[in-house]
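K.L.:
build me a structure from this.
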Amino acid sequence: MKHMKHSYKTYTVGRSPDCDYVIEHPTVSRLHAEMVVTRDGQFHLTDRVSSGGTFVLGPDGWERIKQAFVRADDTVRLAEAELRVGDVLAKIQGAGKAVPAQSKGRVRRNIETGEPEARS
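P.N.:
Predicted structure coming up:
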């Protein structure tokens, strides 16, 4: 059986002390969201069926998402807790990195690598 090395990093975000990024806020679920950093430096945010929802601040206000590509300078809201994507990644990785804006199209995972990729 061939083992493939993943070319992305996955981080958990939530209220649980077991998460990579802990948010001590009563409206945040224990395992609220997952942040994936792809091999080319893009950021993919997935709501983990949280009770309070996951939102991205866009030009028309807050948009509830199940999963979306986000940028380091995007503001997101996990239930009632607001934070910048770059701040989360800076704390987890030691450095945030800006990336070009991504389309808000549908998302799927690459069948070979498991990495999120945007659909057209």
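
K.L.:
how near is the residue at minimal distance from the centre of the chain to Glu80?
P.N.:
In the chain, the centroid-proximal residue (CA atoms, centre = their mean) is Leu45; its distance is 2.3 Å. According to CB to CB, to the nearest Å, Leu45 and Glu80 sit 17 Å apart. (C-beta placed from N, C-alpha, C; glycine too.)

K.L.:
what does Gly52 give?
P.N.:
7 Å.

K.L.:
on that earlier part again, show me what the residue nearest to the centre of the chain is bridged to.
P.N.:
In this structure, Leu45 bridges to Met35, Ala68 when assessed by DSSP bridges.

K.L.:
check contacts around it.
P.N.:
With contact taken as CB atoms under 8 Å, 6 or more residues apart in numbering, Leu45 is in contact with Ala33, Glu34, Met35, Thr54, Val56, Ile65, Gln67, Ala68, Phe69, Val70, Val76, Val85.

K.L.:
what about the protein, any weak spots by pLDDT?
P.N.:
1-7, 94-120 (pLDDT under 70).

K.L.:
Thr27 contacts Ala79, doesn't it?
P.N.:
Yes. The pair Thr27 and Ala79 passes the contact test of CB atoms under 8 Å, sitting 3.6 Å apart.

K.L.:
of these two, give the one with the bigger neighbour count.
P.N.:
Ala79 (19 against 16; other CB atoms under 10 Å).

K.L.:
all set now, cheers.
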